[in-house]
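# Sequence first, then the predicted structure, then my questions.
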Amino acid sequence: MTTELSERQLEIIEAAGRILTSSGVGGLTIKNLAKEMKFSESAIYRHFTSKEEIIIGMLTYLAVSMDQRLSGITGLSDPAEQFKAMFREQFRFFDLHPHFVVAVFSDGLMEETQMINEAILKLMNVKMKHLMPVIMVGQQKGVFTNAITTDEMMHIVMGTFKLQMFKWKTANFQFDIKRSGENMIQSILTLIKSKEL
């Protein structure tokens, strides 16, 4: 499947995200998707051949979108500022598109198919591709502590982000994720910044 989606395919992917968020993988059927979109099932099949292709399309779209958005955050020489900008962008995106939060957890998606697993891994790799260099440069410059390895710091940061998104989803998206996200960013920086600064 190509990363170029038609406007209609994007609408289907967004509807699939809403169903996955409210009903999980079991609720995502072509029948339910057609009902959500007020389409016929055959209209869905004109754009995607299967439920698997829809899920892969969603994960691929998110990976490409994230790569583009985070690649646009350049020119910040301070790793801490780069770190803030990256996570602010993620919280901004999910605030606008809460139905894609399901991809953060891959709720039930991992068990679906090997191709879906590979799409989830690609999405995770995009996150790591952008975050790892920021942490490494921060450690090299003495901005972030070297008492924790880069890999361990990645796990702590990504795990904290995931927990924040889980709390938001569990609260049915009822609190301000950008404000809570800002508190999370500041707390992580307090923990990972070098005490020698």
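Received it, and whenever you're ready, just let me know what you need.
# From what I see, Ile135 and His155 are in contact.
No: under the criterion of C-beta atoms under 8 Å, Ile135 makes no contact with His155, lying 10.9 Å away. Placement of C-beta: from N, CA and C, glycine included.
# out of these two, which sits in the more crowded spot?
Under the neighbour definition other C-beta atoms under 10 Å, Ile135 and His155 were set side by side, and Ile135 has more, 23 against 12.
# In which helix or strand does the more buried one reside?
Using DSSP states H and E, Ile135 sits within helix 114-140.
# mind checking how far Leu33 is from Leu191?
Leu33 sits 42 Å away from Leu191, going by C-beta to C-beta, to the nearest Å.
# who's more crowded, the two?
Neighbours around Leu33 and Leu191, counted as other C-beta under 10 Å, are more numerous at Leu33. The numbers are 21 against 14.
# Assign that one to helix, strand or coil.
helix (DSSP: H, G, I helix; E, B strand; the rest coil).
# got a pLDDT number for it?
Looking at Leu33, its pLDDT is 92.
# next one: Arg8
The predicted structure scores Arg8 at 89 on the pLDDT scale.
# Mind picking out the helix or strand in this structure with the poorest mean pLDDT?
The least trusted helix or strand in the chain, going by mean pLDDT, DSSP states H and E, turns out to be helix 102-105, with a mean of 74.
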